[in-house]
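Visitor: The sequence isn't on hand, but the structure is:
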């Protein structure tokens, strides 16, 4: 890594070499206490060091305050808050020398107590961070005054602070930035932890991610799935859908799986970039750096900008994985009362079987017991149903069938009847068949399969008309299937299961058949009809009931009865003479038409007018959903603002208040009135101005309520994460 | 059946929830109205252009007239939302037995208090924006003072000078300056006195003189003057102007006492004259009422000849032709087709704008409407409150029970007949010296006594 030269610029930009200011143990006025050393201030022992103590120590940048904010001057008055008293808040850019004596006491207590107290206002933690920034970005980076061992200890401390106070968005951002810059500069980016998923919302790709990815890109190496996911998830162009936040582990797993499938050849996406090395401009939190620019150029790394085309496959992957998991995710939403098993059924098949719950294990062990080593088993449909909570209890609907079937399919178990293949619902049969199939061997509902299934159904209907299917008929049924239709293995397996089911629980009437027959063409109808006669006659005779049933079916199929008679004759007049023709009994009694109320033409007119009104309204109400701050920011890219502290075009006092508000979810009015007074503005007017600016940009209000005043932290975080200051 | 779809605005979850919640409770939602507006493009355009006129420093007045349940209140609310979006300040109030434009016993002042309590800006859409408006004004003065390096009070004087030409303008300016002084010196009692004065909450002039050193207070006969002052003031504070909406105007029609009615109509005449002559600056007024309030020759606005001549429609515009340049906008009751489109849009709102999540298809909507029509007759779409509520209930059930078929639910849908309340004259009239108990007037809430009385939902269905 080669960052040093550039950090040198920092020293140069100040126009003088301030290295004499670098605190060293030998410095008589100011001393930096390295990690592990102990110093004493106001009678308190600060055992772990990491503070500057002394006096007359200036800021780093020319515009910084005259005294270094992080400097603990032991000569300043300190008082200690009473036990149980609330901790005074600190101003937005605190400085040890400027805060009240009570705050100083509280700060020293916090330092002495090991900096672990959770309830301390974040301002105190920032004050401490300022010192680390100075040590790491100035003493170390610009003056090489810090040993590698100390640097690692300071980085450990930053990680510890992040674990303790990382919930605070602004702090999280500054501390992470500091850690990342130091790691990049010291060439230890290999020590970054694996990226977390989902990432913290942020406008910029986090530095450590830029560094890791930048190296893969610089070297032309494939990007490992974890980092590819982190990259695309952190891209402002990608929108992580709810599913990614609701089931992050599952999402990550599925993404990695699809990523590996997609890039099997190279072992990952390879991105090539010729352009510029990674240049990082650091904005420290400390006011001490004001007016000084801190820039790091890492030659071995590559800038990530402008790679959208090469990144495209990742967006597509992100989107398709979201699609895949969306139904499952939605079923978990608090609004839906989806039974657990039904949710699992919505998972993609290869993922689904790894997710489990007690109910699922119960079904599994029951199925194992039923099937044993066999490929197929007949079970009582009611037993199977008893494991399942219907979506709309107590009624069992077609969706229940579908989901239960999907659930078992994840384990390679099929069910017959299967509603997807024109069969009845599990709720309407007494017996069901479970069977094993191999992954990827699920038959598609092809026309030929439908035809076969119908033939089975009709065959079972005819054969069973006398209340029992004879063994010969059964064999004939199976034979017909084998010989007449050209089916693949998965289809045959399923058809066999279907046949078992139909034989175990034969259909009794022709109800519902008309609809199912309607979908087949006339050629197939004739074929179906002719195939049925041998089945009926397999036992050597066609009984009156069989003949009646055949006639009924012929009617349904729209086949002339003469054909039936002719074919029976051809078989050798097996009939025992059915005299009277049993006229087709299925009569679709059409429902009465509803009262005609709506005039389609007039609806069209109304729709057109509504569309006009909508367009008008759309021009008034900006599209404020998901107010896309990123887009807003893109428009802002040309820097026009003169005031370095200005946010959203507000003046500095309003900007400062805006940033201050974002520190907490709720403020009591008194606190904010004091802050506003300090800034020389009126609270209500300022909130009105800030809200107007924020609503214009983000479509949401930042602050609501009178007392307490509630802050929409999401918006605040967006504004902070986006860093609108430059 | 034509598809129920219109290229829609995107819908925020917060809007969606607010819309569904309000409609299921039978009231007009406070936000997201643009998502289920049906038709009325010309009327909307007329109003949007009015708002532009107001923001331009002009004036406007409109009467939104429609039958019970036809969507007047909806229309007023939508206009209000548009106005906020356009950077206007909005004040709204409902008239009632104890809320009038003119009176001798505090009812007009109470109406003014309602208006100011509901004073809203885009960032405070729920009302209560008086301090925000004042402070925004003071802040701009503060900034100017810093820039010019002069005393803030001097800037305030200069800027508020524009108000002094109006009645009570001098005192108004004094009170705003007092607010600044109070802030500057940390005098919270003075600050709250200033806000109370602006809100019309001082009972006597003596109190006001003691607290703020001003001679006048908001009184029954001066509320319109104060509204005009307020309109100028909000413009000084950087807003476009002031829109004032009055709903439930039928309450004036209901006044039994002829003289009281006439005095209120005179006030309206004054407002209409000012608006038509452009005498008020940055001020728009919007009145919502039923046809009898407008047209009844004995007790409606038309009973007042001067108003009738100004408000009567252009005689050329009839038979489907409309002239929206006059002050009256008639909102006809919904036709079955409009109701159909409306339900389609509500389905869209319910699905949070995602057609893939629609819970019912177009056919279901048509069947549903037919079902309602069979039970409620024309009321099913003319006063669609019950229909809407039942439809949203249906969607809610479908949403919570995936896989349920709407056809099975349809037969179980219960519809309450939504009956218009009486328009009989109010028996008690204050001018005939029977005082309204204070408790009643302070518990005034929108809708009570109006033509949109929600008690309609409690009426059991007729067999």
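Guide: Nice, I can see it. Predicted model, so just to flag it, every value in this text is computed and none were measured.

Visitor: so what's the residue of the stretch 101-250 of chain A found nearest chain B up against?
Guide: Nearest residue of the stretch 101-250 of chain A to chain B, counting by CB to the nearest CB: residue A:242, 10.8 Å away. Where C-beta positions appear, they are placed from N, C-alpha and C, glycine not excepted. Taking CB atoms under 8 Å, 6 or more residues apart in numbering or on different chains as the contact definition, residue A:242 lies against A:329, A:333.

Visitor: could you redo the last one with a cut-off of 7 Å?
Guide: Contacts were defined as CB atoms under 7 Å, 6 or more residues apart in numbering or on different chains; by that measure residue A:242 touches residue A:329.

Visitor: swap in the one 4 residues further on?
Guide: With contact set as CB under 7 Å, 6+ apart, residue A:246 has these partners: A:329, A:332.

Visitor: Tell me which residues of stretch A:314-333 come out buried.
Guide: Taking 16 or more other CB atoms under 10 Å in any protein chain shown as the neighbour-count basis, stretch A:314-333 is seen to contain the buried residues A:314, A:317, A:318, A:321, A:322, A:324, A:325, A:328, A:329, A:330, A:331, A:332.

Visitor: Would you check how far apart the second one and residue B:93 are?
Guide: So the one you mean is residue A:317. In this structure, residue A:317 lies at 56 Å from residue B:93, with CB to CB, to the nearest Å as the measure.

Visitor: And residue A:103, how close does it get to residue A:604?
Guide: Distance check for residue A:103 against residue A:604: by CB to CB, it reads 70 Å.

Visitor: ok, how many other residues are close to residue 166?
Guide: Assuming you mean chain A. By other CB atoms under 10 Å in any protein chain shown, the residues close to residue A:166 number 15.

Visitor: meant chain B actually
Guide: Around residue B:166 sit 17 other residues, with neighbours defined as other CB under 10 Å.

Visitor: before we move on, what about residue B:279?
Guide: For residue B:279, the neighbour count with other CB under 10 Å is 12.

Visitor: Got phi/psi on it?
Guide: Backbone geometry at residue B:279, expressed as degrees, to the nearest 10, gives phi -80, psi -20.

Visitor: Show me what counts as buried in stretch B:31-50.
Guide: B:31-41, B:43-44, B:46-48, B:50.

Visitor: ok so, going back, have a look at residue A:103 and residue A:604 and say which one is more surrounded.
Guide: Taking residue A:103 and residue A:604 together and counting by other CB under 10 Å, residue A:103 has the greater number of neighbours (24 against 14).

Visitor: quick one: secondary structure of that one?
Guide: helix (DSSP: H, G, I helix; E, B strand; the rest coil).

Visitor: Distance of the closest residue to residue B:89 other than its chain neighbours relative to chain A?
Guide: Counting by CB to CB, 6 or more residues apart in numbering or on different chains, residue B:234 is the residue found nearest to residue B:89 once chain neighbours are left out, at 4.4 Å. Here residue B:234 is placed at a distance of 12 Å from chain A (CB to the nearest CB, to the nearest Å).

Visitor: Sticking with residue B:234, tell me its helix or strand.
Guide: Using DSSP states H and E, residue B:234 sits in helix B:223-236.

Visitor: contacts for that helix?
Guide: With contact meaning CB under 7 Å, 6+ apart, helix B:223-236 is reached by B:89, B:108-109, B:111-112, B:133, B:137, B:159, B:162-163, B:166-169, B:172, B:218, B:241-242, B:244, B:267, B:270-271, B:280-283.

Visitor: that older thread, can you check the pLDDT for the residue nearest to residue B:89?
Guide: Looking at residue B:234, its pLDDT stands at 94.

Visitor: If you tally nearby residues, what's the number for it?
Guide: Should you count by other CB under 10 Å, residue B:234 turns out to have 27 residues around it.

Visitor: ok, now residue A:404?
Guide: A total of 24 residues lie near residue A:404 under the criterion other CB under 10 Å.

Visitor: Need the three-state assignment for it.
Guide: Residue A:404, by the three-state scheme (three-state DSSP), is helix.

Visitor: Quick check: nearest residue in space to it, chain neighbours excluded?
Guide: Among residues not flanking residue A:404 along the chain, residue A:388 sits closest, at 5.4 Å (CB to CB, 6+ apart).

Visitor: pLDDT at residue 36, what is it?
Guide: No chain was given, so I picked chain A. 89.

Visitor: That was the other one, I meant chain B.
Guide: At residue B:36, the pLDDT recorded in the model is 79.

Visitor: Could you do residue A:624 as well?
Guide: Reading off the per-residue confidence, residue A:624 sits at a pLDDT of 42.
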